[in-house]
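Engineer: Quick one, structure for this:
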Amino acid sequence: MLDFIYYPVSAILWFWHKVFGAVFDPASGYAWALSVIFLVFTLRALLFKPFVHQVRSMKKMQEFAPRVRELQAKYGDDRQKLAAEMQKMQAEQGFNPLSGCLPMLVQIPVFIGLFHVLSGFKPGAASNFVFDRAEVASFVDADLFGAKLANTISQAPDTLAAFGTDRSSMLLVGVPLMLVAAVATHFTARHSVQRQTVDAAQNPQTAMMNRLTVWIFPMFVIIGGPFLPLAILIYWLANNIWTLGQQRVVYRKIDREEAAKPPAVVDSTAVTAAPEDQPGEIPGVIEDKSRGADGEIR
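Structural biologist: Coordinates of the predicted model:
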């Protein structure tokens, strides 16, 4: 049903395996691990522009958060009117909140596709999408320090033995991968949260989501890691390292653009105090301090 995802993902993986297989042994774990890493880099490079659009969209949403709350307070009892006013504001400002979710949404089917493709590498399988029998056997035989890329830590000892590995070898490689991937996930989320405005961060819903992304999501790697193939853990780690680096580049670019903008023009029609006015005095009115108690001028 999702062959339109599985075949492109497997084709990109196949291409990079051909590249790194020419450098290393095609059955080497290094060749396959690097193929997974560069699969991530290829997909994320294709999504670079949507990511920049996502960052700009999120920044605009934060800037107009006070106005959104004003609309919610004003039209809170009329959801239809509130939706209409929100759409009007978004059209005026030229942004769509849903478009900011595109890069994240695209990664979900890619993750599912990669998981499905890697699950298709089984001993004796005749093919796996674009991979032929020999390439399937090459992946099945690939290992990093004795841990097989196609296997999970939680698999039964008999299953691991059938792939030519054991629990100790899987733990030796898998646990460090899970820990580093969890740390990378944490710092990636933390770096993104730090870019939020104070006003946005104080929103209860935003604060709850921040806690989830900074602390709970990294724990998913620790909890779910034993049930994921090592190749998926490599994918997760590479994806978060790329995201962290990409965020730094994009945020610095946007900061430079903001700094280069000309200062806001002061409205000349605004009422300003006369130069002779002092703090606390009524603009345009000078207190006459030269009169005595009887009202005569001294």
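
Engineer: Go through the strand or helix carrying I5 and flag the buried ones.
Structural biologist: Per DSSP states H and E, I5 falls inside helix 3-21. Residues 5-6, 9-10, 12-14, 16-17, 20-21 are the ones in helix 3-21 that count as buried (16 or more other Cβ atoms under 10 Å). No exception for glycine: its C-beta is placed from N, CA and C like everyone else's.

Engineer: Kindly report the same for stretch 169-183.
Structural biologist: For stretch 169-183, using 16+ other Cβ under 10 Å, the buried residues are 169-170, 173-174, 177-178, 180-182.

Engineer: can I get these in a markdown table with secondary structure and distance to Q80?
Structural biologist: What follows is these, written out as a markdown table (DSSP: H, G, I helix; E, B strand; the rest coil; distance: Cβ to Cβ, whole Å):
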| residue | secondary structure | distance to Q80 |
| --- | --- | --- |
| S169 | helix | 61 |
| M170 | helix | 56 |
| V173 | helix | 56 |
| G174 | helix | 52 |
| L177 | helix | 50 |
| M178 | helix | 48 |
| V180 | helix | 49 |
| A181 | helix | 45 |
| A182 | helix | 44 |
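
Engineer: Format the buried residues of helix 3-21 as TSV; extra columns: distance to P109 and pLDDT.
Structural biologist: Listed next are those as TSV, based on distance: Cβ to Cβ, whole Å; pLDDT from 0 to 100:
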residue	distance to P109	pLDDT
I5	5	89
Y6	10	92
V9	9	91
S10	14	95
I12	14	95
L13	15	95
W14	19	96
W16	19	97
H17	21	97
F20	25	97
G21	27	95
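
Engineer: Now L179. Nearest residue, chain neighbours left out?
Structural biologist: Spatial nearest neighbour of L179, chain neighbours left out: I222 (7.5 Å); criterion: Cβ to Cβ, 6 or more residues apart in numbering.

Engineer: and the one you found, backbone torsions?
Structural biologist: For I222, the backbone dihedrals (degrees, to the nearest 10) come out as phi -70, psi -40.

Engineer: what about it, distance to E70?
Structural biologist: As judged by Cβ to Cβ, to the nearest Å, I222 and E70 stand 42 Å apart.

Engineer: Just to check, P123 is in contact with A162?
Structural biologist: Yes: between P123 and A162 a contact is recorded at 6.6 Å, counting by Cβ atoms under 8 Å.

Engineer: For V55, grab the count of nearby residues.
Structural biologist: The tally of other residues near V55 (other Cβ atoms under 10 Å) stands at 20.

Engineer: Report the distance from the helix or strand hosting it to the chain centre.
Structural biologist: Using DSSP H and E, V55 falls within helix 48-63. Remark: helix 48-63 is offset 11 Å from the chain centroid, using Cα atoms, centre = their mean, to the nearest Å.

Engineer: rewinding a little: any residues touching the helix holding I5, and which ones?
Structural biologist: With Cβ atoms under 8 Å, 6 or more residues apart in numbering as the test, helix 3-21 has contacts from 26, 28, 30-32, 34-36, 38-39, 42-43, 109-110, 112-114, 116-117, 128-131, 135.

Engineer: Drop anything exposed from these.
Structural biologist: Buried by 16+ other Cβ under 10 Å: 26, 28, 31-32, 34-36, 38-39, 43, 110, 113-114, 116-117, 128-131, 135, out of the contacts of helix 3-21.

Engineer: Now, those that are in helices?
Structural biologist: 31-32, 34-36, 38-39, 43, 110, 113-114, 116-117, 135 (DSSP state H).

Engineer: Just the closest of those residues to A260, please.
Structural biologist: L43 (31.5 Å; Cβ to Cβ).

Engineer: need the contact list for the closest one.
Structural biologist: 12, 107, 110.

Engineer: cool, A184 as well?
Structural biologist: Here A184 is in contact with 237, 240-241, 244 (Cβ under 8 Å, 6+ apart).

Engineer: can you tell me how far G76 sits from R69?
Structural biologist: From G76 to R69 the distance is 10 Å (Cβ to Cβ).

Engineer: for P123, that is, sorry about that
Structural biologist: 59 Å.
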